[in-house]
Each structure stands twice: as C-alpha cells, then as structure tokens.
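Participant: Predicted model follows, preceded by the sequence.
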Amino acid sequence: MQFYLPIAEVSVNVFVLLGLGGIVGFLSGMFGVGGGFLITPLLILIGVPSGVAVATGANQVVASSISGVLAQFKRRAVDMPMGAVLTAGGLVGSTFGGWVFNLMSKLGQIDLFVQLSYVLFLGLVGGMMLIESINAMRRSDKTMVRRSHVHSWVHRMPVKMKFRTSGLYISVLPPLGVGAMVGFLSAIMGVGGGFVMVPAMIYLLGMPTKVVVGTSLLQITFVTAYTTLVHAVTHHTVDMALALLLIVGGVLGAQVGAKVGVRLKAEQLRILLSLMVLLVAGKIAYDLLATPDELFSVTVVKA
C-alpha cells in the first residue's frame, strides 16, 4: 500500500515504514541506542531526501527512546544525575551541530556530508567496540567485574560529583564532553548517538553495564527531541506523516527489544551492536564508491 509523504515528496510503502520503525525500536530497547544510525541511511535508501531523513529520523528516535527508557525505569536501571549531565552537554552540542548542518545545506553539500559522517563515525566506533568486546570475553569474570573500579585520568579531573546509582565519584567534565559529542552527531546525522554514548559510558566513564542502557536512552530522548525542534523550525524538513508511521512500529519494537536484551550477556550485546554498526558503515561506504547507475542527470533549474 503506497503512501505519499508531503514533505519528502515521495511515495513509499506503509508496511515498509512500519517494519523499519519496528527494527529500530527493537535495537533501541535491546542495546540502549536510539537507532538513528540505522533509520536515516535506510530512509535514504528507499528514496527519502537526506535532509528529511535526518530530521524525521531524529523524530522517530525520540519515540523509540521514550518507550525503551520507560522499560528501563521499571528495572531501576537509570542514573538520573548522570543522565542530566549528559543531556546538558548534548543540548550544547546539538545547537552547534544544527549550525553546521545549516551551513552544509547552503553550500549544497549536505548529502555528501551526511554520508561521509556516517562512514567515519560508524566505522571508527564499530571497530573499536568490536575489538574491545572480543577482548572482554577472553578475560576472566573476575577481571571484568573489577573493570569499572579501575581509576584513570577521568577520576583525577576537577569538579567531581557523586553518581550513586552508577557507584561513581568522577568529574562532570568528561560526561559533559561525551554528551556534547552525541548532541553534535544527533544534529548532523539524525542519530540518537547511542553507538558513541554506550561505549563511552562503559569504557571512558567506567559505568556498570546494567545502568548504561537506561541512562543512555534518557539522554537520547531529550537531545533528539531538541534536535527535531531545531530542524523543524530552521529547515522545515520534519515529515510528520513519515514520523508517525515510524513511531508506531518503533514503540512496539522497543518493548520487545528490552525483553530480549535482558536475556543476553553484556559482551554479547556489545558484539552484536558493533557488527550492526560496521555493517551500516560498510553499506554507506559502498554506495559512495560504487559507480552510479546514471553517470549524469538533467534537471530543470527554476530561475
């Protein structure tokens, strides 16, 4: 059943959009990521313009993240103070990212900029996450348990704050920096940023895995909501009809993903997430390097 999207100005199959939303929601609930790293390139793949895919993808991430974080709240697996610090940094980064997105749009390079950003960040983070997860599985359980309590340069920085749920007493500067980076990526790529947030919270901040998913989703919810507002007001690229179909599938998928996630070990979750990230990065890189079906196109330019 075809459905016309007024802002994107393309016709798409309703069941395809519901399926895409369900897949992204499932990943959100299981891994603690917003799923934007997957939904944006998939929307571009089915013919949605990059600007609309980024802005509307961020909108869908909000719904999936809310559904996922509510499931984590029930398990008391959300560190509220840490989430607040990460969100503060995320709002600053998202504002700057919106300015960069607007600049690239005016230069006419937004499509290339978005795709290159995906290849760079997804490839780097996915590779690092995969290597670390494999190494973690080779270590003894005793070593893995004590990992989060190893003191590093993060613990020696000033402006410290106690995060009781995570069992940490560290500086707020690293979480602010992580949040700002995720906010920037959210604005320019339409992602929740969980593929950066989750490994940073585990390996940089030393947070226990059991609270990482819920806390990550809490930050993603607020930052992507702000990002969506910025795109809607500044670029008018949020297609609400498209977002609604994605949200319906995403909310249902997130609940299923949350139930599946609790049955898997932390290292298994990270390996699956890293493989998914690398797969998406590889597909985008291939599309950039492959010879297009049409070597040139002719369009009518209005005076």
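Facilitator: Everything's here; your move.
Participant: what's the pLDDT at residue 152?
Facilitator: Note on residue 152: pLDDT of 60.
Participant: And stretch 232-240, what's buried?
Facilitator: For stretch 232-240, a neighbour-count test (16 or more other Cβ atoms under 10 Å) marks 232, 235, 237-239 as buried. From N, CA and C alone the C-beta is placed, and that goes for glycine too.
Participant: Flag the least confident of these.
Facilitator: residue 235 (70).
Participant: can you map out the strands along the chain?
Facilitator: Under the criterion DSSP state E, the chain contains strands at 2-5, 10-13, 160-163, 168-171.
Participant: Any chance of those in CSV with distance to residue 277, mean pLDDT and mean neighbour count as columns?
Facilitator: Listed next are those as CSV, based on distance: least, Cβ to Cβ, whole Å; pLDDT from 0 to 100; neighbours: other Cβ atoms under 10 Å:
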stretch, distance to residue 277, mean pLDDT, mean neighbour count
strand 2-5, 27, 74, 14
strand 10-13, 25, 78, 15
strand 160-163, 27, 83, 14
strand 168-171, 26, 82, 19
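Participant: would you turn those strands into JSON lines with distance to residue 199?
Facilitator: JSON lines is the format used below for the strands of the chain (distance: least, Cβ to Cβ, whole Å):
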{"stretch": "strand 2-5", "distance to residue 199": "34"}
{"stretch": "strand 10-13", "distance to residue 199": "33"}
{"stretch": "strand 160-163", "distance to residue 199": "18"}
{"stretch": "strand 168-171", "distance to residue 199": "16"}
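Participant: Tell me which stretches of the stretch 101-250 of the chain form helices.
Facilitator: Taking DSSP state H, counting those that start in this stretch as the test, the helices found in the stretch 101-250 of the chain are 110-138, 141-146, 173-189, 194-199, 209-234, 240-261.
Participant: Out of these, name the one with the poorest average pLDDT.
Facilitator: helix 141-146 - the lowest mean pLDDT of the helices of the stretch 101-250 of the chain, at a mean of 47.
Participant: which of the buried residues of stretch 232-240 lies closest to residue 2?
Facilitator: Using Cβ to Cβ, residue 239 is the member of the buried residues of stretch 232-240 that lies nearest residue 2, at 15.3 Å.
Participant: Could you report the separation of the nearest residue to the closest one once chain neighbours are set aside from residue 225?
Facilitator: Spatial nearest neighbour of residue 239, excluding adjacent residues (Cβ to Cβ, 6 or more residues apart in numbering): residue 7 at 3.7 Å. Counting by Cβ to Cβ, to the nearest Å, the separation of residue 7 from residue 225 is 19 Å.
Participant: Quick check: residue 69 touching residue 221?
Facilitator: Yes. Under the criterion of Cβ atoms under 8 Å, residue 69 lies in contact with residue 221, with a separation of 5.9 Å.
Participant: which residue packs closest to residue 15, ignoring adjacent ones?
Facilitator: Here the residue nearest residue 15, using Cβ to Cβ, 6+ apart, is residue 1, at 6.8 Å.
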